[in-house]
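**Student:** Have a look at this prediction, sequence included:
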Amino acid sequence: MRRSVGRSALYGVLFGLATAAVAEAVRPRGGTTLLVDWDEVRRTAHSRLERPRIEPGRLASVATGYRALADKLEKPLLDFVGPLRKGASLPRFEALDREGWLDLNLGILRRAVDPVLESGRMPNSLIVEVGRAGVNRYVGFMLAFLGRRVLGQYDPQLMSAEPIGGEGLYLVETNVEEWQNHAKLPDQDLRRWLILHEMTHAWQFAAHPWLRPHMEESMRVLIDSVTRKGPGVARFAAFAGVLPAQWRVMRLVQGTMSV
């Protein structure tokens, strides 16, 4: 009997503590907050990049070399895949270091996600702060992981109300050089192959006017799934991209971009 009473008392205390902890976690703290702190995301990603910077003069020289290769490749590429639409052109290449790639892609993410964040502001509470810290680390780690591996990129400027500098073609020289040295690859042939690959992506958008609105509509479906009102947990799940409907759309986007 004493053990039973003692155990019941212990359970009562634990339940009371758990209830108090939950109440404190969800207690409004005044004001609202966004689900992502971009400054914290950048700090997290930058701290894990390794060799983030290349001297600006060297990057400029490397970019000149990229453009010379691209100029030689454009005609044979268009002869093979087909001409551009009248008035269309391929963007010129830029050379990036890892820090430059990070800042470029933070800009791309913010372009698409900031409207979602503003419409999805949440009341301040401890549980929201914990969730936001988790999102910050997740996005920062993801960007750092990609920033150490991505070789080239085409930015088609999707979801832009106004152009912020035009479409862009990029090679991440830090990663290209690292792969070249590790795999003992010929420098010019490697860069020529990467440049041709990225130019082909740019041609897909420049030559096919239906592709941009198709991709933007797919992205709007993803954004709409996040901006719907609902419980905080559901909104965190939506923002993290873990809902079945989001995975279906992401598979369609990946399939389109892999053609």
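**Tutor:** Nice, thanks for sending it over. This one's a predicted model, so the numbers in the text were calculated from it and none came from an experiment.
**Student:** low-confidence ranges in the stretch 51-200 of the chain?
**Tutor:** 118-127, 160-166 (pLDDT under 70).
**Student:** can you map out the strands along it?
**Tutor:** Secondary structure of the stretch 51-200 of the chain by DSSP state E, counting those that start in this stretch: the strands cover 93-96, 122-123, 152-155, 168-172.
**Student:** contacts for the last one?
**Tutor:** Residues outside strand 168-172 that contact it (C-beta atoms under 8 Å, 6 or more residues apart in numbering) are 66, 70, 90-98, 100-101, 104, 147, 150-155, 157, 191, 194-195, 198-199, 202. For glycine as for every other residue, the C-beta is placed from the backbone atoms N, C-alpha and C.
**Student:** Please report the distance of V81 from Q188.
**Tutor:** Look at V81 and Q188: by C-beta to C-beta, to the nearest Å, they are 22 Å apart.
**Student:** When these two are compared, which one has more neighbours?
**Tutor:** A count of neighbours by other C-beta atoms under 10 Å puts V81 above the other of V81 and Q188, at 13 against 10.
**Student:** Who are the contact partners of that one?
**Tutor:** By C-beta under 8 Å, 6+ apart, the contact set of V81 is T200, W203, A207.
**Student:** Also E217?
**Tutor:** Listed by C-beta under 8 Å, 6+ apart, E217 has no contact partners.
**Student:** which element is it on?
**Tutor:** Element membership of E217 [criterion: DSSP states H and E] is helix 211-227.
**Student:** Just the mean pLDDT for that helix, thanks.
**Tutor:** Per-residue pLDDT values across helix 211-227 average out to 75.
**Student:** just to revisit the earlier point, can you flag which of the contacts of strand 168-172 belong to helices?
**Tutor:** 66, 70, 98, 100-101, 104, 147, 191, 194-195, 198-199, 202 (DSSP state H).
**Student:** Let me have the residues you listed in a markdown table, extended by neighbour count and distance to N136.
**Tutor:** Output for the ones in helices among the contacts of strand 168-172, formatted as a markdown table (neighbours: other C-beta atoms under 10 Å; distance: C-beta to C-beta, whole Å):
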| residue | neighbour count | distance to N136 |
| --- | --- | --- |
| Y66 | 24 | 33 |
| A70 | 22 | 37 |
| R98 | 26 | 19 |
| G100 | 21 | 21 |
| W101 | 24 | 19 |
| L104 | 19 | 19 |
| G147 | 26 | 16 |
| R191 | 24 | 35 |
| L194 | 19 | 31 |
| I195 | 23 | 34 |
| E198 | 22 | 30 |
| M199 | 24 | 35 |
| A202 | 23 | 32 |
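**Student:** Distance to R43 for the residues you listed - can I get that in JSON lines?
**Tutor:** Below are those laid out as JSON lines (distance: C-beta to C-beta, whole Å):
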{"residue": "Y66", "distance to R43": "30"}
{"residue": "A70", "distance to R43": "34"}
{"residue": "R98", "distance to R43": "15"}
{"residue": "G100", "distance to R43": "17"}
{"residue": "W101", "distance to R43": "16"}
{"residue": "L104", "distance to R43": "17"}
{"residue": "G147", "distance to R43": "14"}
{"residue": "R191", "distance to R43": "32"}
{"residue": "L194", "distance to R43": "30"}
{"residue": "I195", "distance to R43": "32"}
{"residue": "E198", "distance to R43": "29"}
{"residue": "M199", "distance to R43": "34"}
{"residue": "A202", "distance to R43": "32"}
